[in-house]
Structure formats: structure tokens, C-alpha cells
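mind looking at a prediction? Sequence and model below.
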Amino acid sequence: MFEAVVLMCLATTEGQCREVLLPGFEAVAQAKCEAALAGQPPDLAAFAGLGTASIPRCRPAGDALEMVEVAEGVHVHRGHIEEPDEANRGDVSNLAIVIGEASVAVIDSGSARWMGEATWRAIRLRTDLQVSHVILTHVHPDHVFGASVFAEAGAEIVGHARLPRALADRQANYRESLAREIGPQAFLGTQVPRVTLTVEDETAIDLGNRVLHLRAWPAAHSGTDLTVFDVQTGTLFAGDLVFDDHAPALDGSLRGWQRVLEDLQGQDIRQVVPGHGGPSLPWPDGAEPLARYLQILAHDTRAAIDAGERLGEAVTQIAEDERPHWQLFDAHNPRNATVAFTELEWE
């Protein structure tokens, strides 16, 4: 298989270049790929301001993202349980594809453009159907920054009604921190996605005899949580409303998260794809570790507040009993305790 790429280089950093995928020009032979390029030259305006680009060319296809099929037509990539760095290039969260009879949906898109490109290749290994939708489960950058690849191929970018504002408010910080963490070369070509379809409450997407139910939630893990339920297989894509192995990260409301998780535990769901870990969990049993953590976080926080402890002292002790059960505990629990303390001290 051959694909079209363009060499992009950072004008401000000597030697930082990467061949960026141009989706939609794939062909089994190089001549056919080149003919497609000549017949409909790609619009490189999308890369304006991101660096300098060469003339597009065709080359053998690059690496596809590894995925496992957890149900019929449902393929999941399990990200590393790590903080983003130059070694993992930001591959630290889960993403998935659902294949219908008419089109494909992508659920979350990774930390950088290269992950969107690798996901595109993974799809093309399985089907020639168009990618009609990219559904972003929440605002955090490890889930959203690969989406522009699919937008260039004509996909709708779907998110919570509050997602566009949240991205606008946080994009500068997210771009700066990710580029620093994973390195400018891995981040090269990455853009903030433009959401084209928002969900205020609930909606459905039909991929061709395959219906996905989307639901926007009140503030919980974040203020922009959106779940996706595949009716055909009983699979819920929970984003970071569900964590496995990876320490939970609270960026919304502790009480809200507990209420949402309780709601989800009562639903008729066969399995859940979490935002981290998995790649799939039986339900509702798969929610028990997270529910326990949130309960202990709330209990210890209220106890610290009732004892009159100061925030700086309390965060070193809150939920400490949970340490053995989670990777990256030290990276996330202190912030969780801070957010919980700030919320619950006003009960």
C-alpha cells in the first residue's frame, strides 16, 4: 500500500522535520497514488503557520496503530500507562474505531497528529469505508489532538456542547506543554480540532445498521464528558469517566463523577472501554475499583476538612490507602485531593 505525504519542517528549529500523512490518497500501487495526487492536489492551506512543507509525494505506507478487536467491528488501541514523554510520543490514552456497513466512527484520537495518522492506517487495513465521525469524549489533550487528520478527509468532529469553549480556553497551554513533553518533532503538524457537531444532551449516529448513542454528562471527570454506546455489541466507550490501572484524574466535580458512575453502573452494558487501561472491562464489575477510589477520596477529604486541616497538609494524606492499586498515583492523586478539598469544603 502507498500513501501521500508531505515533508513538514519547523522553521524555528533546525532539523525538526517529519513526513505528514495526507489522508485519502492511498493506493495499492505507487502510480495510482501519484495519479490521485495529480488528479486532485491536496490543499496544504490547513498547515499554514505550522511550518514549511515540501511538494506532496507517494511512499510506502507507514506504521499503523496497533489495535485489538474487543467485539465485532470494535477495535481498541490501548495507550501506555505512562505520562507523555519523548519515548512514548504521547501514546498514553485509549482510542477506538467502530465499523458499520456505511461508515466508520473514531472515538478519541490521541495526543498528536501522528496518532491520528496511525489510526487512519489501522482503519485502512480493515476497511475502505469513509470515516464519517470522530467523537471526542472530553477536552484533555491526550484524547483530542489527532483529530485533524480525519477532518481533512471530511469527517465530522463531535463533542460535548461545552467542548469548543473548553478547547479555546486551554489550547495554548495544551499545545505548549505537549510539545515540550513529547518533543517538537512528534508534535509537528498537530492542530487543535475544530468541533463541527456538538451534543447538548443525547443524540444518535447511524454508521449503517450500527447505531451509536451519544450522551453528554454534567461535570464529572471533566466538564465536557461524552459517552458513546454501541447498541449492536453493548459496548460503552466511557472516555475518562472510567479508569483502569492508571490513577484517576479529577478535573471536574467529585460528587458529579460519583453520580455519573452510579448512573452508568445501573445501565444494561456488556463491556466498557475505559479512557486508560483495559482495553475493555466487564460491567458493572469493571467500575468497582474507580468507585472505591472516589468514595475514599471523598471520605478522606471530608475527614480532613472536619479536622480543620489545611489544604497543604491534607493532600499528603488523602486517599493514601489507594496507592498500591494505581499506577501514576503520585502524578495524579495530589491534584485530585486538591480539587476534592476545594469542592467539598463548601458543602
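Thanks, I have the structure now.

would you map out the domains in the chain?
The chain breaks down by automatic domain parsing into domains covering 2-60, 68-282, 295-344.

can you tell me which of these is packed in deepest?
Mean neighbours per residue, mean count of other Cβ atoms under 10 Å, is largest over the domains of the chain for domain 68-282, with a mean of 21. For the C-beta atoms, the positions are set from N, CA and C on the backbone; glycine is no exception.

how long is that one from one end to the other?
16 Å (Cα to Cα, to the nearest Å).

separation between residue 163 and residue 187?
Distance, residue 163 to residue 187, using Cβ to Cβ, to the nearest Å: 21 Å.

equivalent analysis for residue 248, please.
26 Å.

gap between the closest residue to residue 323 other than its chain neighbours and residue 165?
Nearest residue to residue 323, sequence neighbours excluded (Cβ to Cβ, 6 or more residues apart in numbering): residue 329, at 4.9 Å. Shown here: residue 329 relative to residue 165, a distance of 31 Å by Cβ to Cβ.

what do you get for residue 16?
In terms of Cβ to Cβ, residue 16 sits 32 Å off from residue 165.

can you list contacts of stretch 314-332?
For stretch 314-332, contacts defined as Cβ atoms under 8 Å, 6 or more residues apart in numbering pick out 81-83, 245-249, 289, 292-293, 296-297, 300-301, 304-305, 333-334, 336-338, 340-341.

any weak-confidence spans in the stretch 151-300 of the chain?
For the stretch 151-300 of the chain, no stretch has pLDDT under 70.

what are the ranges of the helices in it?
Taking DSSP state H, counting those that start in this stretch as the criterion, the stretch 151-300 of the chain contains helices spanning 163-182, 184-187, 254-265, 288-306.

outside of the shortest one, which residues touch it?
I take that to be helix 184-187. 10, 13, 16-18, 86, 89-90, 112-114, 175, 178-179.

which among these gets closest to residue 256?
residue 178 (26.5 Å; Cβ to Cβ).

the closest one against residue 89, yeah?
No - contact criterion Cβ atoms under 8 Å: residue 178 and residue 89 do not qualify, at 10.2 Å.

list the contacts for the residue lying closest to residue 336 once chain neighbours are set aside?
Nearest non-adjacent residue to residue 336, counting by Cβ to Cβ, 6+ apart: residue 250, 4.3 Å away. Residues counted as contacts of residue 250 (Cβ under 8 Å, 6+ apart) are 221, 257, 297, 335-336, 339-340.

again with residue 281
242, 244, 271-274, 287.

can you show me the strands along the stretch 201-347 of the chain?
Applying DSSP state E, counting those that start in this stretch to the stretch 201-347 of the chain gives strands spanning 202-206, 211-216, 226-230, 235-243, 271-276, 281-282.

these into a markdown table, with extra columns for distance to residue 126?
As requested, those are exported to a markdown table (distance: least, Cβ to Cβ, whole Å):
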| stretch | distance to residue 126 |
| --- | --- |
| strand 202-206 | 19 |
| strand 211-216 | 17 |
| strand 226-230 | 16 |
| strand 235-243 | 17 |
| strand 271-276 | 17 |
| strand 281-282 | 23 |
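
wait, which of these is closest to residue 25?
Going by Cβ to Cβ, the one of the strands of the stretch 201-347 of the chain nearest residue 25 is strand 202-206, 26.2 Å.

mind listing the strands the closest one pairs with, and their directions?
strand 211-216 (antiparallel) (DSSP bridges).

may I have the strand it pairs with as CSV, with CA atoms only?
Below are the C-alpha coordinates for strand 211-216, written out as CSV (Å, rounded to 0.1, in the frame of the first residue of the first chain):
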residue,chain,number,x,y,z
VAL,A,211,-26.3,2.9,15.8
LEU,A,212,-24.1,4.8,18.4
HIS,A,213,-25.9,6.6,21.2
LEU,A,214,-24.1,9.7,22.4
ARG,A,215,-24.8,11.2,25.8
ALA,A,216,-23.4,14.5,27.3
